[in-house]
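**Q** let's see this in three dimensions:
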Amino acid sequence: MAGDEAFLTSLAINAVIALVVTLLFSYLRPRHQRIYQPRCLPQLGHAVKEPPRSIGNGFFSWIPIVWGTSDEQFYNQVGLDGLMYTSLFAYGLRTACMCAVFGLLVLVPVYYTARTGDDALIGIDRISLSNVEAQSPRLWATWLSVYVFAFVAMYNLRSVYATYVAYRRRYLSEPHPHFNAVLMRDLPEDVRSDETLLAAMNETYDDVISAVVVKDVKALDKLVEKRQQTCAKLEHVQAAIMLKPEDKRPTMRVGAVGGVCCFGGTVEDAEAHLKELLEEENAAVQDERSAVAENKTGKCAGFVVFKSRASAVACGQVSHAGIPYLWTVQPSPEIRDIKWSNLDMPYLSRSMRSIISSFATGALVLFWSIPVAFVSALTTLEELGKLGAGWLVDIVELSPILQGFLEGFLPTLALIVFMAMLPTILTAFSTAEGIPSIGLINLSMMNKLYVFYLVNVFFVSLLAGAAFDQMKAIIDSPTSIVNLLGEAVPRTGVFFTTYVMLLAFSSFSMSLLRVGPLIVSWLKLKYLAKTTKEQDDAWNPGPFNFGTALPVQLLVALLLLVYASSAPVILPFTVLFFLFGYVATRYTLFYVTVQNFEIGGRFWPAVFDKCMLGVVIYEITMLGILGLKKGVYQVPLLVPLLPFTLVFWSQCNTALKTVVEHQPRTESVNSEVPDLDPEMCVQPSLKAPLQLSPAPFENDRHTQYSFA
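**A** Predicted structure coming up:
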């Protein structure tokens, strides 16, 4: 009963917090539109197609508008990436609602009445499969629920996939300039110049507009970046002078040595020195641009732009050489999405890096708990004493507050810090693989992060601290995983129900409130931002990171199925999770964040595969549970569901995945031709202005942007 009381207490506290935070957001939203709906204010400089429809100042007026926004409107405003991300919530919400109807109306009464009197379990366990005795006829209800829930999940996944196919084909038919270009990697040495690549492509295609080989511009990139920083400093200084002309003119120490603690040098007028420095850097950029232009030979990658979309589609799918590892061709990413520093990696280097990255990810997943446990151990008084820090132990023991901080707060803080570092580490692994676009790097990171959550959150929690012993048992007998899951899932139902409940009530309400951005924007505008660009940056909400958000939703989608039959109490909380998530993320994407680029929803096939993996894990788990419950009739009749699921999974990928990979030739021939810039695939530093000058100060915008 103590566990049930703790669960109910946690439920009440988190529900109250979620309600208060949502009410606070509804109160602040119309009063701080720059923070809570910046896409409605295009004058702030955000790159949106057009402002979304106004919400109004009503307290809850944002909810029906967000809920009632159609997929068509959402696609037009946010794009296919945002639409498919929220479609995962739609899938989860529909699946959770359908499962909840069966679970609450059928399974809960069946489980609750399975035992009576002193034999009945108490609390939450009474409405779980644990309350059903072995070989009970009531196991037929559980058996039926597995078929119902699995078919519901597969039907809904197939429905969302069909939506993706429709919008993906529409996206591919739109006049995006990069659809008329291809990325060519692993070029032979004799075609590593613009002229030779163009000549080689003209032999096969008669509508080539331009061919550009990637150049070695590392030095130029550094000069352009340094010049941009100097220009930003100059704009800042000039804005400070314009805002307070009566104050002493800003100065800076030139030629000093020593970093923060500067020694020597001379103090000069900041504006005059930065103007002189900017002129010197402009000249350096011009000289380096000339040096790059004189060197005709480039790297092993290049871009080819075609007049016809059909030629680009065909070029991206045919083999251009009979020699392995040469002329690797793929559709060009969106120009803003290109990871330029990764383009010059040859095929063998990318292959080796990918293998190393996979091993590094596996090691990180398996041994992640070691550094966390080590840091947490250092926060105990006993361990500090063993390390020779007895003097620190004596100080801490003098204060219960310090002792509580050391042993209670710091371990949690260490876990939070390590978890916050994880996406950055995995992104570095994916970047090192030589993936050519930022969006696909993010997708690769998402795949790695999901594996981490699957192993370290789901399986480790199931194994309850005996991970390595259980892993050895699985290696010795792979079929033992069925019994392992069957034993572990029932005893962890309350834990994961609490986990989903916490996510449902806390994560989405806090994401709406945006406390962090509100504080950061205030600090920047109050003390740092002076120029128009600095103020634009202070208000800019930034893009939504799908790569870090998707694994959490996929984990909850897995928990929804795995515990639906054995612990149906989790179903109402998964409904709340996907309901709150659907409303909150649609609001965030529609009214707050602005994406830097679009990858056309290419993460959905990977999301589909992970959802289908969840269905398979669910079915294997239920085979183990029913086997332990000695369901001698139910287990054999459940076995056919697993091969059916695998066939369904394979057929969906075969029939649907290949359709959306490339635009069909019949459609590409008739596609609208966009305005094409022959130099659209030239590296950014080669297109940077030769002369950079500071932007004029706009005092009226500065006044408008100031925090009240």
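
**Q** check which helices and strands the longest helix that the chain contains sits against.
**A** Of all the segments assigned as helix in the chain under DSSP state H, the longest by residue count is helix 139-173. Counting contacts by 3 or more C-beta pairs under 8 Å, 6 or more residues apart in numbering; DSSP states H and E, helix 139-173 is packed against helix 71-78, helix 80-102, helix 546-562, helix 604-628, helix 634-638, helix 641-652, helix 658-661, helix 665-669. C-beta here means a position set from N, CA and C on the backbone, and glycine is covered the same way.

**Q** within the sheet, what are the partner strands of the following helix or strand past it, with directions?
**A** Tracing the chain past helix 139-173, the next element assigned as helix or strand by DSSP states H and E is strand 181-185. The strands beside strand 181-185 in its sheet (DSSP bridges) come out as strand 301-306 (antiparallel), strand 328-331 (antiparallel).

**Q** point out the most buried one among those strands.
**A** Burial of the strands paired with strand 181-185 is given as mean neighbour count (mean count of other C-beta atoms under 10 Å); strand 301-306 ranks first at a mean of 24.

**Q** now it - C-alpha only, PDB.
**A** Once side chains and other backbone atoms are set aside, the C-alpha atoms of strand 301-306 remain, and they are given as PDB (Å, rounded to 0.1, in the frame of the first residue of the first chain):
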ATOM      1  CA  ALA A 301      33.100  15.700 -54.200                       C
ATOM      2  CA  GLY A 302      31.000  18.000 -56.300                       C
ATOM      3  CA  PHE A 303      27.600  19.200 -57.300                       C
ATOM      4  CA  VAL A 304      25.900  19.000 -60.700                       C
ATOM      5  CA  VAL A 305      22.800  21.200 -61.400                       C
ATOM      6  CA  PHE A 306      20.400  20.200 -64.200                       C
END
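
**Q** wait, what's in contact with the residue nearest the centre of the chain?
**A** Central residue of the chain (C-alpha atoms, centre = their mean): residue 547, 1.6 Å from the mean position. Contacts for residue 547 were tallied using C-beta atoms under 8 Å, 6 or more residues apart in numbering; they are 423, 427, 442, 443, 445, 446, 449.

**Q** now, which of these lie within helices?
**A** When the contacts of residue 547 are checked against helices using DSSP H, the ones located there are 423, 427, 442, 443, 445, 446, 449.

**Q** for the third one, which non-adjacent residue is spatially closest?
**A** Leaving aside its sequence neighbours, residue 442 sits nearest to residue 547 (C-beta to C-beta, 6 or more residues apart in numbering; 3.9 Å).

**Q** okay, that neighbour and residue 82: tell me how far apart.
**A** 14 Å (C-beta to C-beta, to the nearest Å).

**Q** can you check residue 37 too?
**A** 16 Å.

**Q** now swap in residue 233 and tell me
**A** Counting by C-beta to C-beta, the separation of residue 233 from residue 82 is 36 Å.

**Q** ditto for residue 350
**A** Taking C-beta to C-beta as the measure, residue 350 falls 30 Å from residue 82.

**Q** neighbour count for the two, which is higher?
**A** For residue 350 versus residue 82, neighbours defined as other C-beta atoms under 10 Å are more numerous around residue 82 (23 against 20).

**Q** element containing the closest residue to that one other than its chain neighbours, please.
**A** Once its chain neighbours are removed from consideration, residue 82 has its nearest residue in residue 589; the separation is 4.3 Å (C-beta to C-beta, 6+ apart). Under the criterion DSSP H and E, the helix or strand holding residue 589 is helix 570-591.

**Q** quick one on the thing from earlier: in CSV, list the helices and strands packed on helix 139-173 along with distance to residue 148.
**A** Compiled in CSV, these are given as follows (distance: least, C-beta to C-beta, whole Å):
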stretch, distance to residue 148
helix 71-78, 27
helix 80-102, 6
helix 546-562, 11
helix 604-628, 12
helix 634-638, 12
helix 641-652, 11
helix 658-661, 29
helix 665-669, 39
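
**Q** pull the contacting residues for residue 494.
**A** The contact partners of residue 494, taken as C-beta under 8 Å, 6+ apart, are 3, 7, 124, 125, 567.

**Q** and the helix or strand harbouring it with helix 570-591, angle?
**A** Taking DSSP H and E as the definition, one finds residue 494 inside helix 493-502. Taking axes from the mean of the first three to the mean of the last three C-alpha atoms, to 10 degrees, one finds helix 493-502 and helix 570-591 inclined to each other by 20 degrees.
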